[in-house]
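*Asks:* Next come a sequence and a model predicted from it.
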Amino acid sequence: GELGKLHALTKKIRKGLKKEKIWFDKKPFIGHATLARIKKSQDLKNLVGKVKVKRVKFMADEVTFYQSQLTEAGPIYEKIKVIKINAN
């Protein structure tokens, strides 16, 4: 419902990153939430028919940026920055 605002926020964040000379992925932004990571595609094939997802609406008061490093043991996440979002 608020995709326009989300895309505007993305544009501001990217502008700030560019200004600070911080690298970012320039692919088109697609808002998402990572719910799981699966190592083998055959595991995914077994799960697809079993997963049920309910549509949920929510409000966020902050955005947290993480850097992920994929390793043999799994991903390592480092919190980079937390930005509070104005409620207005």
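*Replies:* Now that the structure is in, tell me what you want to look at.
*Asks:* Low-confidence stretches in this structure?
*Replies:* 1, 35-45, 87-88 (pLDDT under 70).
*Asks:* Let me see the ranges of the helices in the protein.
*Replies:* When assigned using DSSP state H, the helices of the chain occupy the ranges 3-19, 41-47.
*Asks:* of all these, which lies closest to D61?
*Replies:* Proximity to D61, assessed across the helices of the chain by Cβ to Cβ, is greatest for helix 3-19 (13.0 Å). C-beta: built from backbone N, CA, C; applies to glycine.
*Asks:* Pull out the buried positions in that closest one.
*Replies:* Residues 9, 13 are the ones in helix 3-19 that count as buried (16 or more other Cβ atoms under 10 Å).
*Asks:* can I get the CA coordinates of that helix in PDB?
*Replies:* C-alpha atoms of helix 3-19 as PDB (Å, rounded to 0.1, in the frame of the first residue of the first chain):
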ATOM      1  CA  LEU A   3       5.200   1.400  -2.200                       C
ATOM      2  CA  GLY A   4       5.600   5.000  -3.400                       C
ATOM      3  CA  LYS A   5       6.900   6.000   0.100                       C
ATOM      4  CA  LEU A   6       9.200   3.000   0.200                       C
ATOM      5  CA  HIS A   7      10.700   3.800  -3.200                       C
ATOM      6  CA  ALA A   8      11.100   7.500  -2.200                       C
ATOM      7  CA  LEU A   9      13.000   6.300   0.900                       C
ATOM      8  CA  THR A  10      15.200   4.100  -1.200                       C
ATOM      9  CA  LYS A  11      16.000   7.000  -3.500                       C
ATOM     10  CA  LYS A  12      17.100   9.100  -0.500                       C
ATOM     11  CA  ILE A  13      19.200   6.400   1.000                       C
ATOM     12  CA  ARG A  14      21.000   5.700  -2.300                       C
ATOM     13  CA  LYS A  15      21.600   9.500  -2.700                       C
ATOM     14  CA  GLY A  16      23.200   9.500   0.800                       C
ATOM     15  CA  LEU A  17      25.300   6.500   0.100                       C
ATOM     16  CA  LYS A  18      26.500   8.000  -3.100                       C
ATOM     17  CA  LYS A  19      27.400  11.300  -1.300                       C
END
